[in-house]
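Trainee: quick one, what's the 3D model for this:
(one chain, ligands or ions: 2)
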Amino acid sequence: MQLKKQQIADFNKTKTKELNSQVEFLGNYLDKSGVNTNEIIQKLADFQVAIPSWALGAGGTRFGRFSYGGEPATLEQKIDDIGILHQLTQTAGAISLHIPWDIPKDYKAIKERADNHHIIFDAVNSNTFQDQPNAKETYKYGSLSNVNKAVREQAIAHNNQVIKIGKKLGSKSITVWLADGSNFPGQNNFQKALQNTQNSLQEIYKTLPSDWKMFIEYKPYEPNFYSTVIRDWGTSLLLAEACGDKAYTLVDLGHHLPNTNIEQIVATLMLKGKLGGFHFNDSKYGDDDLTVGSIKPYVLFLIFNELVYGMENNTNNPDLAWMIDASHNVKDPLEDLLQSLDAILIAYAQALLVNQAELRQAQQENDVTKCQEILQNAYRTDVRPLIKQARLQTGGAINPIAAFRQFEIRKTLIKERGLHNVATGL
Ligand code: PSV
Ligand code: MN
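Mentor: Ligands and ions are numbered 1, 2, ... in the order given. Coordinates of the predicted model:
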């Protein structure tokens, strides 16, 4: 299904008057603090976040999966769902494919379909954490780090294949996340596992086109619970540096032990020009993959504060690849993604409000109280009218979730696809 522009325009008409007065009120307040409101609205309008092809259906846990009805079962349907998200928000103009779950059958048709929705192909993701039917070697004991050369070669070949697929679609980056590690002390030789991983990544890097980037994702545990080969940002950075200029670290918000200072990791990587990509989600305990901003919105703001600082000051760091990497077990996946997109823009807008000059001055004077006041002033500003205004200007819906419900999108999808359509993915 595709929404009609007029439908969204009619929806917005009923809400524009109220929005105008909210924007005027906020604009006046921000003006007095020297903030250029229009500049912020433009930055919000330009911000694009990729949606992963594996996050459009109901996720699950190892205890069960409760499908949602009308889920997208094919890549075509996944692209259509992202099209809906993009029409409603004008923020979701990219898809990140997971290979082999979403290998296109007809590349021309897939590209055309994405084009029709104004969607581009972002990073392609390889998968060496599952065995594929008819695969010669097993990844049970690891992939790029495996003690067995034949397994490593199979995993390298898979990554090279993923790059080839991405090239046909216009992607410009590959993300490597490894499940490799061990469950018990003594199972792995740490040094050999790391060395094998480095050698394997260097092999993959050799086939990387000159205008591509390689993102190396880290995660402390799961599915292995004693050790993980690429367990933290430091290991990822070491490997990226061993590969070369086109290799970067990717930060997934859920891939940290509780209370890790993620904003400081962001700052360190940006200073070194080595932060390549970002996976958004939220968590209480581990890699919970919850809706962005649902648990720790202040932390999200602090992270964005560092991202904004880095984007303005670390010109050696490339533009970042933004993606949502969440799972939806109890909510409608599309509504959940709309909430995540909203939370990302809210944190970004709040970070843009931070008076950087005043903060530098207060830091210089060791005025700790003032530093905190500056950050919390920005965080406590209700920036939602700016986001709504950005959507209005770009043709999105002022309130995407209300529009999603008013247009009865889920009901239509169930009618079109059936109640028992199941999406591939995590
Ligand atoms: C597993 O934790 C994971 O969610 C990683 O974050 C990857 O980005 C994703 O799977 C897809 O491979
Ligand atoms: Mn991730």
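Trainee: point out the residues in the stretch 151-300 of the chain that sit beside ligand 2.
Mentor: 252, 279 (CB under 5 Å from the ion). Backbone N, C-alpha and C define where each C-beta goes, glycine included.
Trainee: if we go to 8 Å?
Mentor: 175, 177, 217, 219, 250, 252, 254, 255, 279, 281 (CB under 8 Å from the ion).
Trainee: looking at those, which are in strands?
Mentor: 175, 217, 250, 252, 279 (DSSP state E).
Trainee: from ligand 1, how far off is residue 362?
Mentor: Remark: distance between residue 362 and ligand 1 (CB to the nearest ligand atom, to the nearest Å) = 37 Å.
Trainee: that residue belongs to a helix?
Mentor: Yes - residue state for residue 362 (DSSP: H, G, I helix; E, B strand; the rest coil) corresponds to a helix.
Trainee: so which of the residues of the stretch 151-300 of the chain next to ligand 2 are also by ligand 1?
Mentor: 177, 217, 219, 252, 279 (CB under 6 Å from any ligand atom).
Trainee: now the first one, nearest residue through space, not along the chain?
Mentor: Closest residue in space to residue 177, ignoring its immediate chain neighbours: residue 217 at 4.0 Å, by CB to CB, 6 or more residues apart in numbering.
Trainee: just the fourth one next, same as before
Mentor: Here the nearest residue to residue 252 in space, its sequence neighbours aside, is residue 279; by CB to CB, 6+ apart that works out to 3.7 Å.
Trainee: which residue ranges of the stretch 301-426 of the chain form strands?
Mentor: 321-324 (DSSP state E, counting those that start in this stretch).
Trainee: from it, which residue is nearest to ligand 2?
Mentor: Nearest to ligand 2, among the residues of the stretch 301-426 of the chain, is residue 325, at 3.7 Å (CB to the ion).
Trainee: quick one: contacts for the spatially closest residue to that residue that is not a sequence neighbour?
Mentor: By the measure of CB to CB, 6+ apart, the closest residue to residue 325 outside its immediate chain neighbours is residue 279, 3.7 Å from it. The neighbourhood of residue 279, defined by CB atoms under 8 Å, 6 or more residues apart in numbering, consists of 217, 250, 251, 252, 253, 254, 255, 323, 324, 325.
Trainee: the third one contacts residue 277, doesn't it?
Mentor: Yes - taking contact to mean CB atoms under 8 Å, the distance of 7.5 Å between residue 251 and residue 277 places them in contact.
Trainee: need the helix or strand of this protein with the lowest average pLDDT.
Mentor: None of the helices or strands of the chain scores lower by mean pLDDT, DSSP states H and E than strand 60-61, at a mean of 84.
Trainee: beyond that strand, next helix or strand please.
Mentor: Going down the chain from strand 60-61, the next helix or strand is strand 64-65, by DSSP states H and E.
Trainee: in this protein, which residue is most central in space?
Mentor: residue 323 (1.8 Å; CA atoms, centre = their mean).
Trainee: can you tell me how far the closest residue in space to residue 190 that isn't next to it in sequence sits from residue 395?
Mentor: In space, residue 190 comes closest to residue 227 once its chain neighbours are excluded; the distance is 6.8 Å by CB to CB, 6+ apart. Distance of residue 227 to residue 395, given as CB to CB, to the nearest Å: 49 Å.
Trainee: these two: which has the busier surroundings?
Mentor: Remark: of residue 227 and residue 395, residue 227 carries more neighbours, 18 against 13, as counted by other CB atoms under 10 Å.
Trainee: pLDDT score for that one?
Mentor: Here, the pLDDT recorded for residue 227 equals 98.
Trainee: that one is in contact with residue 181, isn't it?
Mentor: Yes - in this structure residue 227 lies within contact range of residue 181 using CB under 8 Å: 4.9 Å.
Trainee: overlap in contacts of those two?
Mentor: In contact with both residue 227 and residue 181: residue 188, using CB under 8 Å, 6+ apart.
Trainee: ok, how many other residues are close to the closest residue to ligand 1 within the chain?
Mentor: Across the chain, no residue is closer to ligand 1 than residue 177, which sits at 4.0 Å (CB to the nearest ligand atom). By the measure other CB under 10 Å, the count of residues near residue 177 is 21.
Trainee: what's near enough to touch it?
Mentor: 125, 126, 129, 217, 219, 252.
Trainee: in ChimeraX, select just the buried ones from the residues you listed.
Mentor: Entered in ChimeraX, the line below selects the buried ones among the contacts of residue 177, by 16 or more other CB atoms under 10 Å:
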select :125,126,217,219,252
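Trainee: closest one to residue 65 out of the contacts of residue 177, please.
Mentor: Taking CB to CB as the measure, residue 65 sits nearest to residue 129 out of these, at 17.7 Å.
Trainee: pull the contacting residues for that closest one.
Mentor: Taking CB under 8 Å, 6+ apart, one finds 139, 143, 177, 178, 179, 223 in contact with residue 129.
Trainee: again with residue 166
Mentor: 97, 121, 123, 124, 172, 173, 174, 212.
Trainee: so which of those residues are in strands?
Mentor: Using DSSP E, those in strands are 121, 124, 173, 174.
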